[in-house]
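# I would like the atomic coordinates for the input below:
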Amino acid sequence: MNDESEAKTVMIVDDEADVVAYLKVLLEDNGFDVIAAHDGKEGYEEAKFHHPDLITLDITMPEESGVRLLRDLQKDPDTADIPVVIVTGISHEFKRFIETRKQVRPLAGYFEKPIDQEQFLAKINEILGTRDS
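Okay, the predicted model is just below:
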């Protein structure tokens, strides 16, 4: 069980305010600290500044796409070690596409919207080594 001093930080990068609000509440209710960014450019700046323990990333966003942000994060030594979980409305075919890209390392997880809360939280806990008792 996590106490306040050991709370892991998850950054949500999504341009849809309702998705950010939903994921924020879900994660905070399960003991995580949450940071939000609303496009890829802001997401990159926030990741560099805060260095969250995990990033949830939408693919289709203004300013800079999630794919571009993913590549930028993985290329930067300061952020390359942050696990990324895709949370997107794009179909499952995109998962196969992104997994075949040589310039992108494997993702920590992939969820289509609407997410299954239990599976999502289980995956986040698995990646971060946190478990609810």
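# where do the strands sit along the chain?
Using DSSP state E, the strands of the chain run over 9-13, 33-37, 54-57, 84-88, 109-112.
# which one of those strands lies closest to residue 66?
Shortest separation from residue 66 across the strands of the chain is recorded for strand 54-57, at 4.8 Å, computed as Cβ to Cβ. Backbone N, C-alpha and C define where each C-beta goes, glycine included.
# can you map out the helices along the chain?
For the chain, applying DSSP state H gives helices covering 17-29, 40-50, 66-75, 92-99, 117-128.
# now the last one: buried residues?
By neighbour count with 16 or more other Cβ atoms under 10 Å, helix 117-128 contains the buried residues 120, 121, 123, 124, 125, 127, 128.
# any chance of those residues in a markdown table with pLDDT as columns?
Below are the buried residues of helix 117-128 laid out as a markdown table (pLDDT from 0 to 100):
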| residue | pLDDT |
| --- | --- |
| 120 | 98 |
| 121 | 98 |
| 123 | 97 |
| 124 | 97 |
| 125 | 97 |
| 127 | 96 |
| 128 | 96 |
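# contact partners for the residue nearest to residue 39 when sequence neighbours are not counted?
Once flanking residues are discounted, residue 39 sits nearest to residue 63: 3.8 Å by Cβ to Cβ, 6 or more residues apart in numbering. Contacts for residue 63 (Cβ atoms under 8 Å, 6 or more residues apart in numbering) come out as 39, 40, 41, 42.
# any idea how far residue 72 is from residue 63?
Residue 63 sits 12 Å away from residue 72, going by Cβ to Cβ, to the nearest Å.
# picking up where we left off before, ChimeraX command for the buried members of the contacts of residue 63?
A single ChimeraX command selects the buried members of the contacts of residue 63 (16+ other Cβ under 10 Å):
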select :39,40,41,42
